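Undergrad: Quick one: sequence plus predicted model below, questions after.
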Amino acid sequence: MNMPLHRNDPETRRLLKRRLELVLHGELTAGSLEQLRRNLGFTTMGALGETPNTVLGERIERSQQFRTVVEMAMTFTQVGQQDWALTIDAVPRTDTDRWQCLAEIACRMAGLTIIETRTPPPFVLSEDEKREIFEEAGRVLAARQRKLDEIPFSTPFRAFADDFED
């Protein structure tokens, strides 16, 4: 079974939350799979007819501001002989409506029928989860500050001290 790219990174996995799952049914040929991959901008993974739960395509969208942060991951998986799933995982507050619309259109164009649309309840952090996130953010900021503090700085005054001696 091929694993989606974003699931290999524990930090990314922690940030992404399931926002949508389309349960799909229908016959998918190699040609219609390629069309679906092109329409959704998927990287090619796996092949038709492999074992169930084979990831056949994935699209990763990274933050424009922080290129190392994955904001959204769309994954297409073969669940059974004619059963498929398309999921969208995203960081909280990411607008996934346009991705959902694009996914639904592309699946229909590929000849698949949307059997069910599953959307989880809104994501709400508990007070303990908020505290944990703030503590983790504090640790990350402190570690980065320590790295900055380790950089040796010389002041311009020391660098040019010889020029000003009488």
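TA: Yep, it's here. Everything numeric in this text was worked out from a predicted model, so none of it was measured.
Undergrad: in the protein, which helix has the most residues?
TA: For the chain, the helix with the greatest residue count under DSSP state H is helix 127-149.
Undergrad: quick one: average confidence on that one?
TA: In this model, helix 127-149 has a mean pLDDT of 79.
Undergrad: What ranges does this structure have for its helices?
TA: Counting by DSSP H, the helices of the chain are 10-15, 30-40, 97-109, 127-149, 156-159.
Undergrad: and stretch 120-139, C-alpha only, in PDB?
TA: Output of stretch 120-139 as PDB, limited to C-alpha atoms (Å, rounded to 0.1, in the frame of the first residue of the first chain):
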ATOM      1  CA  PRO A 120     -16.800  16.100  10.400                       C
ATOM      2  CA  PRO A 121     -18.300  18.500  12.900                       C
ATOM      3  CA  PRO A 122     -16.500  21.800  13.200                       C
ATOM      4  CA  PHE A 123     -13.100  21.500  14.800                       C
ATOM      5  CA  VAL A 124     -13.000  23.000  18.300                       C
ATOM      6  CA  LEU A 125     -10.100  22.800  20.600                       C
ATOM      7  CA  SER A 126     -10.500  21.900  24.300                       C
ATOM      8  CA  GLU A 127      -8.900  24.100  26.900                       C
ATOM      9  CA  ASP A 128      -6.300  21.400  27.500                       C
ATOM     10  CA  GLU A 129      -5.500  21.200  23.700                       C
ATOM     11  CA  LYS A 130      -5.200  25.000  23.500                       C
ATOM     12  CA  ARG A 131      -2.800  25.000  26.500                       C
ATOM     13  CA  GLU A 132      -0.800  22.100  24.900                       C
ATOM     14  CA  ILE A 133      -0.500  24.000  21.600                       C
ATOM     15  CA  PHE A 134       0.600  27.300  23.400                       C
ATOM     16  CA  GLU A 135       3.200  25.300  25.400                       C
ATOM     17  CA  GLU A 136       4.500  23.700  22.300                       C
ATOM     18  CA  ALA A 137       4.700  27.000  20.500                       C
ATOM     19  CA  GLY A 138       6.600  28.400  23.500                       C
ATOM     20  CA  ARG A 139       9.100  25.600  23.300                       C
END
